[in-house]
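**Q** Fold the stuff below for me.
(one chain, ligands or ions: 2)
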Amino acid sequence: MKISFIGAGSMAEAIIAGLIEKNICRGKDILVTNREDRAKLEQLERRYGIRPTYDMEGLIKGADIVIFAVKPKDADAVLQKIQPYIQMDTFFISVMAGISIAFMEEKLKVPCAVARAMPNTSASVGKSATAVSFNQRVSDQQKKLAATVFSSIGITAVVEENKLDAITALSGSGPAYIYYVVEAMEQSAREIGLDSNMAKQLILQTLAGAAEMLSSSDCAASELRKAVTSPGGTTEAGIEVLQRNKVEEAFIQCIKAAAEQSKRLGQIHESKHPV
Ligand SMILES: NC(=O)C1=CN([C@@H]2O[C@H](COP(=O)(O)OP(=O)(O)OC[C@H]3O[C@@H](n4cnc5c(N)ncnc54)[C@H](OP(=O)(O)O)[C@@H]3O)[C@@H](O)[C@H]2O)C=CC1
Ligand SMILES: O=C(O)[C@@H]1CCC=N1
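**A** Ligands and ions are numbered 1, 2, ... in the order given. From the prediction side, this is the model:
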């Protein structure tokens, strides 16, 4: 399979790493471009054997899939830049938060197959939770190609596009929330006198164990939590502080704010660049 990436940042690299690791593509079948950071393209070439390019015509011609992996604010510039080279059989997949399929279709001008996906950076270790929506022009064959790409980097769900802002907030941004909790656990470990390296190992195993328990047991998260929380014990004392500080409510507000921001990103960029 030949895949071209427009954008060479965190998300593009995470997908490229997954594709190479799972032997879905050879490095030489992956073309990658960015705006101007040649050093980054050279770094990706050294790491994965991909082919860097600034030739947009060559990047699009012959690609089974062209992946948009630029920030939402750069969507319009990229869609304009590639417009002269688009062919009707080009299959585009965007991972841009908030940018709708309708906006991309309008800007591409040529009727093409377009998918909008929301992976996460755990793609680089084959553990992305990805959701994807397709426009009417995506053929069954192209859906299979997309499934091959996304299953090489983790699990995939096909969803209605109107769910993607919520999914962006939940699982697209999700790894950052977990890292935030880990940062707090690392800081607290330092403050209660634990060695940082040892604390890190304990935190990692605790996370991995809790994830495994959640996926392998029939119990809800609340029941698993209850099983850890002895009456009058240490966990109860800790959770009491979280409740007093409304941490659960803060997390709910956090995910709602992220979902609103995904909607807003689309609206801002689409209204700045009307079709
Ligand atoms: N990071 C994440 O966890 C996730 C990100 N996403 C989505 O993925 C997209 C990319 O995010 P991320 O990888 O974090 O962003 P980065 O900032 O890491 O990378 C953005 C890339 O886009 C390139 N770019 C910008 N403008 C152009 C242009 N006009 N032509 C070609 N390339 C251009 C940049 O090139 P240069 O460096 O030369 O400027 C850079 O390589 C976003 O839309 C985001 O919403 C989706 C899921 C998760
Ligand atoms: O923060 C962002 O906008 C992107 C989308 C999901 C994760 N990172």
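
**Q** If you count neighbours, what's buried in stretch 247-267?
**A** Across stretch 247-267, burial judged by 16 or more other CB atoms under 10 Å covers Ala258, Ala259, Gln261, Ser262, Lys263, Leu265, Gly266. Every residue, glycine included, has its C-beta placed from N, CA and C.

**Q** which residues are in contact with it?
**A** 72, 97-100, 103, 164-166, 168-170, 172-173, 177, 242 (CB atoms under 8 Å, 6 or more residues apart in numbering).

**Q** Kindly recompute the last result at 10 Å.
**A** For stretch 247-267, the external contacting residues (CB atoms under 10 Å, 6 or more residues apart in numbering) are 71-73, 75, 96-100, 102-103, 118, 164-170, 172-174, 176-177, 180-181, 239, 241-243, 246, 268.

**Q** so of those, which ones are in helices?
**A** Counting by DSSP state H, the part of the contacts of stretch 247-267 found in helices is 75, 102-103, 164-167, 174, 176-177, 180-181, 239, 241-243, 268.

**Q** So which residues of the stretch 1-150 of the chain form helices?
**A** Secondary structure of the stretch 1-150 of the chain (DSSP state H, counting those that start in this stretch): helices at 10-21, 38-48, 56-60, 75-82, 101-108, 140-152.

**Q** Also compute the angle for the first one relative to helix 38-48, please.
**A** Using axes from the mean of the first three to the mean of the last three CA atoms, to 10 degrees, the interaxial angle of helix 10-21 with respect to helix 38-48 works out to 20 degrees.

**Q** CA atoms only: put helix 10-21 into PDB for me.
**A** This file holds the C-alpha atoms of helix 10-21, laid out as PDB (Å, rounded to 0.1, in the frame of the first residue of the first chain):
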ATOM      1  CA  SER A  10       3.300  14.000  16.400                       C
ATOM      2  CA  MET A  11       0.200  12.300  14.900                       C
ATOM      3  CA  ALA A  12       1.700  11.600  11.500                       C
ATOM      4  CA  GLU A  13       4.800  10.100  13.200                       C
ATOM      5  CA  ALA A  14       2.600   7.900  15.500                       C
ATOM      6  CA  ILE A  15       0.700   6.500  12.500                       C
ATOM      7  CA  ILE A  16       3.900   6.000  10.500                       C
ATOM      8  CA  ALA A  17       5.500   4.100  13.400                       C
ATOM      9  CA  GLY A  18       2.500   1.800  13.600                       C
ATOM     10  CA  LEU A  19       2.400   1.200   9.900                       C
ATOM     11  CA  ILE A  20       6.100   0.300   9.800                       C
ATOM     12  CA  GLU A  21       6.000  -1.800  12.900                       C
END
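
**Q** That'll do, ta.
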